[in-house]
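Colleague: Got a predicted model here, sequence first, then my questions.
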Amino acid sequence: MKTIYSDAHREHRIEVELYGSELVPCFEQPVRADSVLTQVIAVGLGPVLAPVDHGRSAITSVHAADYVDFLEVAWRDWVAAGGEGDAFSGCAPKSDMSRRVPASIHGRLGYYSFDAGAPITAGTWKAAYAATQVALTAADLLANGEASAFALCRPPGHHASKAYLGGYCYLNNAAIAAQSLIDRGMKRAAILDVDFHHGNGTQSIFYDRSDVLFASIHGDPNEEYPYFSGHADETGTGPGAGCNVNFPLPPGTGPDRWLEALAAALSRIRAYRPDAIVVSLGVDTFEHDPISSFKLRSDDYLRLGEALRTLRLPALFVMEGGYALDAIGLNVTNTLVGFET
């Protein structure tokens, strides 16, 4: 399996985040991708390739053009306004408030943000743009007949919707890759999100469409971030009715219950009969992850990969979350090796 990777991810480094009631060093750091890359090479997964630049058009086929424009200039405007340190959102509009885009960078940060969990730094645009090109280059491989590919994206993407950022995510790499496969002639694609946190952005992007099935196994939003998305009764709307499938699970869920949900998700994907699957590969379901509560062990990711192989579909793996630094590389490569063997 070929891995697509860009060093540009290191340009994005968040200093601190609000965790509970404290400011702590951000869990989403460059070492995450570096650790995964080291393990990819150590297990001999396959060649590591640089991404090809596909430009902005594939990004704006998923994200609103004004939002992409904002991301590109946000840091420049923050500095010009006298901002120091990472640029955080301070407020966000509710449904009963004006939807006009403010002139102030402080207002625009709120307008285009879901939460304060994705601050913008000097290198955010460069890293997020590069991550989309990583995903698109991996999609090239599937479109050209390869059975699988791994997009080692950072920053992650599944919390980013059409016109807002949040939860460490700025551009939705998995959604952009899936849309690229559709644009290349595939009639149907499925996205399976196995990150501990519900992929609210991916769900939102495809919620009213029938050509992309979104299935997610995640922490129950009654208890876990992102709280306002991911319930079992969210099944799609309009042409997309029935094409959104959520499996919310309680805190402390262990391997047996999680793998049961995986089997149910794979059953729905088989019935949908897609041409390919995109896997939002978050490994923050690991038992020692610092910001999650599931109890999967490293060997369980081998079982995940083996189960995905039974679909007999071209598979594009897109890196999402996972914050247990001592195990992230092993858990990711176990999934990929399980799929390959």
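Modeller: All right, it came through fine.

Colleague: what about the stretch 151-300 of the chain, any weak spots by pLDDT?
Modeller: Low-confidence regions of the stretch 151-300 of the chain, defined here as pLDDT under 70, do not occur.

Colleague: in what helix or strand does Leu142 lie?
Modeller: Secondary structure from DSSP states H and E places Leu142 in helix 124-143.

Colleague: typo on my end, it should be Met97
Modeller: Under the criterion DSSP H and E, no helix or strand holds Met97.

Colleague: And Val318, by the same measure?
Modeller: Element membership for Val318 (DSSP H and E) is strand 315-319.

Colleague: Could you check how far that strand is from the centre of its chain?
Modeller: 10 Å (Cα atoms, centre = their mean, to the nearest Å).

Colleague: helices and strands around that strand, which ones?
Modeller: Packing contacts for strand 315-319, counted by 3 or more Cβ pairs under 8 Å, 6 or more residues apart in numbering; DSSP states H and E, involve helix 124-143, strand 148-151, helix 173-183, strand 276-281, helix 328-340. (Each C-beta comes from the backbone N, C-alpha and C, glycine too.)

Colleague: so which of those gets nearest Gly107?
Modeller: The minimum distance between Gly107 and the helices and strands packed on strand 315-319 falls on helix 124-143, with 18.5 Å, by Cβ to Cβ.

Colleague: Would you mind pulling up the elements that the closest one packs against?
Modeller: Counting contacts by 3+ Cβ pairs under 8 Å, 6+ apart, the secondary-structure elements packed against helix 124-143 are strand 2-4, helix 57-60, helix 65-80, strand 148-151, helix 173-183, strand 315-319.

Colleague: Now with 6 Å, please.
Modeller: Taking 3 or more Cβ pairs under 6 Å, 6 or more residues apart in numbering; DSSP states H and E as contact, the helices and strands that helix 124-143 lies on are strand 2-4, strand 148-151, helix 173-183, strand 315-319.

Colleague: With just CA atoms, put the third one into PDB.
Modeller: What follows is helix 173-183 as a C-alpha-only set of coordinates in PDB (Å, rounded to 0.1, in the frame of the first residue of the first chain):
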ATOM      1  CA  ASN A 173      -9.800  15.700   3.600                       C
ATOM      2  CA  ALA A 174     -12.100  12.600   3.500                       C
ATOM      3  CA  ALA A 175     -15.000  14.500   2.000                       C
ATOM      4  CA  ILE A 176     -12.700  16.100  -0.600                       C
ATOM      5  CA  ALA A 177     -11.300  12.700  -1.500                       C
ATOM      6  CA  ALA A 178     -14.800  11.100  -1.800                       C
ATOM      7  CA  GLN A 179     -16.000  14.000  -4.000                       C
ATOM      8  CA  SER A 180     -13.000  13.600  -6.200                       C
ATOM      9  CA  LEU A 181     -13.800   9.900  -6.700                       C
ATOM     10  CA  ILE A 182     -17.400  10.800  -7.700                       C
ATOM     11  CA  ASP A 183     -16.100  13.600 -10.000                       C
END
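
Colleague: So what touches it?
Modeller: Contacting residues not belonging to helix 173-183 are listed as 58, 61-62, 131-132, 135-136, 139, 153, 157-158, 189, 191, 202, 205, 211-212, 276, 278, 280, 316, 318 [Cβ atoms under 6 Å, 6 or more residues apart in numbering].

Colleague: nearest residue to Glu224 other than its sequence neighbours?
Modeller: Excluding its sequence neighbours, the residue lying closest to Glu224 (Cβ to Cβ, 6 or more residues apart in numbering) is His197, at 6.7 Å.

Colleague: Next, count neighbours for that neighbour.
Modeller: For His197, the neighbour count with other Cβ atoms under 10 Å is 29.

Colleague: I'd like the distance from it to Val62, if you could.
Modeller: Using Cβ to Cβ, to the nearest Å, we find His197 at a distance of 20 Å from Val62.

Colleague: just Tyr164 next, same as before
Modeller: Taking Cβ to Cβ as the criterion, Tyr164 is separated from Val62 by 13 Å.

Colleague: now do Thr341
Modeller: Here Thr341 is placed at a distance of 33 Å from Val62 (Cβ to Cβ).

Colleague: returning to what we had before: can you redo the helices and strands packed on strand 315-319 as JSON lines with mean neighbour count and distance to Gln29?
Modeller: Output for the helices and strands packed on strand 315-319, formatted as JSON lines (neighbours: other Cβ atoms under 10 Å; distance: least, Cβ to Cβ, whole Å):
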{"stretch": "helix 124-143", "mean neighbour count": "25", "distance to Gln29": "12"}
{"stretch": "strand 148-151", "mean neighbour count": "28", "distance to Gln29": "19"}
{"stretch": "helix 173-183", "mean neighbour count": "27", "distance to Gln29": "18"}
{"stretch": "strand 276-281", "mean neighbour count": "28", "distance to Gln29": "18"}
{"stretch": "helix 328-340", "mean neighbour count": "23", "distance to Gln29": "11"}
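
Colleague: nearest to Ala116, of these?
Modeller: Judging the helices and strands packed on strand 315-319 by Cβ to Cβ, what sits closest to Ala116 is helix 124-143, at 14.2 Å.

Colleague: Okay then, goodbye and thanks.
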